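A.B. asks: Below are the sequence and a predicted model for it; my questions follow.
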Amino acid sequence: MKCHRKIFGLLVTCLALQMTSCVTTGSNQALNKTIDQIIPEGGHKQALKGALEVTREWTLEEEHQLGQDMSAILLGASPLVADGAAQQYVNHVGMWLALQTEQAQIPWRFGIIDTPNINAFAAPGGYIFITRGLFLSLNNEAELAGVLGHEISHVLKKHHLQAMKKRGAGDVVFGLLKARAEKSTQVDMTAINNLTRNIYGAGLDKSDEYEADRMGVVLAARAGYSAFGLPAVLQMYAVAPQDDSLALLFATHPAPNDRLNALDQLMAGPFNDLNAGLTKLSRLETMQRKLSYQASQKPTKNSHRKTKK
């Protein structure tokens, strides 16, 4: 009976913490230790630990380390575009947007990934990437701001961390990060590798994407850009041919028209006066011309083959 009362007390504590979302790393570890000491293996223990995992607050350092690892996996598949001026330009726009948030202290990093696919990615800790294919498809800087604002919002709302917790991998990844921080000699990064590929391959929840759209247009407007930059990009997606360059984006996001309809409900009326914000076409065009030329000079798979006589 006494054991059952302890279990009930811990369950109430965990549920209260879950409702208030105030579990810190230290309190989480203390509760986990208590659970291990007094609760036998079984469903009760799994339920309690699951509740703690969902509500754990990660430190900025932990988020940054995880984002660094996830970014390394992304860049292992496609490196950054080898153009310092273009990378600096995207960082200037991205940092200006980040300054409009309440978390400007995050060590934000922005980059252009060298792939013709059309997409953009975020990772915890402030890592934001846009593909060369999407960058070259944009019509003005307001559209770039809308895309970057969407990805910044994923970081601010910790959507990737929430996805990990929902998929039951939060404790595993947290343990790996802790082992790295303690400089353990053998740290198997397979779990983070697999999780990263799973998140970017399967995508986030649709509700997360809609939330990032809503926040993205607000961030762009705060920064002085037209709030309609992101909707213009979504319209481009909606009419684009369904080819391989958009396959991953369409597979991991709600349909463009559904996103547009959701934004229309938000923006109809209040945002009409924000359509005349900055577009800054010339800076974007300059960088696009450079990257287009560089891409055209790259050798193709067959360019090194000798022609048969």
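C.D. replies: Received, thanks.
A.B. asks: Work out the gap between the helix or strand harbouring Ile152 and the centre of the chain.
C.D. replies: Using DSSP states H and E, Ile152 sits within helix 141-156. In terms of Cα atoms, centre = their mean, to the nearest Å, the centre of helix 141-156 is set 10 Å apart from its chain centre.
A.B. asks: Next secondary structure element downstream of it?
C.D. replies: helix 159-166.
A.B. asks: tell me the mean pLDDT for that following helix?
C.D. replies: Averaged across helix 159-166, pLDDT comes to 87.
A.B. asks: Can you give the contact residues for the helix or strand where Asp208 lies?
C.D. replies: Assignment of secondary structure by DSSP H and E places Asp208 within helix 206-222. With contact meaning Cβ atoms under 8 Å, 6 or more residues apart in numbering, helix 206-222 is reached by 97, 100-101, 142, 145-147, 149-154, 156-157, 159, 162-163, 203, 226-231, 234, 253-254, 259, 262-263, 266-267, 271, 274, 277. To be clear about C-beta, it is placed using only N, CA and C from the backbone, and glycine gets the same treatment.
A.B. asks: repeat that for 7 Å
C.D. replies: If you take Cβ atoms under 7 Å, 6 or more residues apart in numbering as the criterion, helix 206-222 is touched by 97, 100-101, 142, 145-146, 149-150, 152-154, 157, 159, 227, 229-230, 253-254, 259, 262-263, 266-267, 274, 277.
A.B. asks: ok, Ile73 - contacts?
C.D. replies: Shown in contact with Ile73 (Cβ under 7 Å, 6+ apart): Asn193, Thr196.
A.B. asks: So the most centrally placed residue in the chain: helix, strand or coil?
C.D. replies: Centroid-nearest residue in the chain, with Cα atoms, centre = their mean: Ala122, separated by 2.7 Å. Put simply, Ala122 is strand when judged by DSSP: H, G, I helix; E, B strand; the rest coil.
A.B. asks: ok, what's across the strand from it?
C.D. replies: Per DSSP bridges, residues listed as beta-bridge partners of Ala122: Ile128.
A.B. asks: Buried ones in the helix holding Asp208, by neighbour count?
C.D. replies: Judged by neighbour count (16 or more other Cβ atoms under 10 Å), helix 206-222 contains these buried residues: 208-222.
A.B. asks: same check, this time on stretch 253-269
C.D. replies: His253, Pro254, Pro256, Arg259, Leu260, Ala262, Leu263, Met267.
A.B. asks: Out of these, the closest to Ser71 would be?
C.D. replies: When these are ranked by distance to Ser71 (Cβ to Cβ), His253 comes first, at 20.0 Å.
A.B. asks: Please name the nearest non-neighbouring residue to the closest one.
C.D. replies: Glu209 (5.4 Å; Cβ to Cβ, 6 or more residues apart in numbering).
A.B. asks: rewinding a little: which PyMOL command selects the buried ones in the contacts of helix 206-222?
C.D. replies: In PyMOL, a selection of the buried entries from the contacts of helix 206-222 looks like this (16+ other Cβ under 10 Å):
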select buried, resi 97+100+101+142+145+146+149+150+152+153+154+159+227+229+230+253+254+259+262+263+267+274+277
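A.B. asks: What is the neighbour count of Pro124?
C.D. replies: Other residues near Pro124 number 25, with proximity taken as other Cβ atoms under 10 Å.
A.B. asks: out of the buried residues of stretch 253-269, who's nearest Glu61?
C.D. replies: His253 (30.0 Å).
A.B. asks: doesn't Ala202 make contact with that closest one?
C.D. replies: No. With contact defined as Cβ atoms under 7 Å, His253 does not reach Ala202; the gap is 11.4 Å.
A.B. asks: how about the helices of the stretch 51-200 of the chain, start to end?
C.D. replies: According to DSSP state H, counting those that start in this stretch, the stretch 51-200 of the chain carries its helices in the segments 60-77, 84-98, 132-137, 141-156, 159-166, 170-181, 190-202.
A.B. asks: okay if I get those as JSON lines plus distance to Phe110?
C.D. replies: Formatted as JSON lines, these follow (distance: least, Cβ to Cβ, whole Å):
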{"stretch": "helix 60-77", "distance to Phe110": "11"}
{"stretch": "helix 84-98", "distance to Phe110": "4"}
{"stretch": "helix 132-137", "distance to Phe110": "11"}
{"stretch": "helix 141-156", "distance to Phe110": "7"}
{"stretch": "helix 159-166", "distance to Phe110": "17"}
{"stretch": "helix 170-181", "distance to Phe110": "23"}
{"stretch": "helix 190-202", "distance to Phe110": "17"}
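A.B. asks: what's the least confident stretch among those helices?
C.D. replies: Minimum mean pLDDT among the helices of the stretch 51-200 of the chain: helix 170-181, a mean of 69.
A.B. asks: re the thing from before, now the element after the helix holding Asp208, going C-ward?
C.D. replies: helix 229-239.
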